[in-house]
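Novice: Sequence below, structure please.
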Amino acid sequence: MRIAVDAMGGDHAPKSTVLGALAAIKENPAITVVLVGDEQAIRNHLPQDIPANIEIVPAADVILPDDEPVRAVRRKKNSSLVVAVEMAREKKVDAMISAGNTGALMTAGLLYAGRMDGIERPALCAYIPNTKGRVTLTLDVGANMDAKPHQLVQYAGMGSLYAEKVLGFE
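Specialist: This next block holds a predicted model:
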């Protein structure tokens, strides 16, 4: 599995994202993490001998936390976030992760990746550990402040499909 990571998104990036990528490949050596962002800044936090399952894809721009999401996605087409979303859309990676500007992530997802048929709005999901030692998948965790009842039903359908296909739930 290949996972693109917006290496420039989130608090303390790129150090935190690079260290997270290194921890992920140590825990699961079968994955490849593709770090997207400022190549030199990323390399500054990697060991001299870069593991074979870490790749770097350069992206010159960064979408900042206070950037207006739609404007930033449209103007910063070579940002780490947009490049990573495009990689997922083009199936160069199997998944994409960003801890950056949430509004920009949702916007880039809509503009570049699109929506499933019958889905009006995207949703953010989160895994919440439960008392059974498993996880509870929760949608929507903050992207939409005014979801309508029928959209909540759509979120339930997306969550159910995700739980079945990705988490192996029956």
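Novice: Packing partners of the top helix by length along the chain?
Specialist: Counting by DSSP state H, the longest helix found in the chain is helix 149-165. Helices and strands touching helix 149-165, by 3 or more CB pairs under 8 Å, 6 or more residues apart in numbering; DSSP states H and E, are strand 125-129, strand 135-139. (C-beta placed from N, C-alpha, C; glycine too.)
Novice: That one to strand 125-129, inter-axis angle?
Specialist: Here the directions of helix 149-165 and strand 125-129 differ by 60 degrees (axes from the mean of the first three to the mean of the last three CA atoms, to 10 degrees).
Novice: List the buried residues in helix 149-165.
Specialist: Of all the residues in helix 149-165, those buried under the rule 16 or more other CB atoms under 10 Å are 151, 154-155, 158-159, 163.
Novice: and what of stretch 23-33?
Specialist: Quick answer for stretch 23-33 (16+ other CB under 10 Å): 24-25, 32-33.
Novice: can you give me the end-to-end distance of that stretch?
Specialist: Distance between the two ends of stretch 23-33: 11 Å, counting by CA to CA, to the nearest Å.
Novice: Quick one: work out the angle between the longest helix of the chain and strand 135-139.
Specialist: Using the same axes, to 10 degrees, the direction of helix 149-165 lies 150 degrees away from that of strand 135-139.
Novice: Can you pull out the residues in contact with helix 149-165?
Specialist: Residues from elsewhere that reach helix 149-165 (CB atoms under 8 Å, 6 or more residues apart in numbering): 116, 118-121, 123, 125, 137-140, 144, 147, 169-170.
Novice: sorry, back to before: so can I have TSV of the buried residues of helix 149-165 showing distance to N78?
Specialist: Converted to TSV, the buried residues of helix 149-165 look like this (distance: CB to CB, whole Å):
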residue	distance to N78
Q151	33
Q154	33
Y155	32
M158	30
G159	33
A163	35
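Novice: Out of those, which comes closest to A7?
Specialist: Closest approach between these and A7, by CB to CB: M158, at 27.0 Å.
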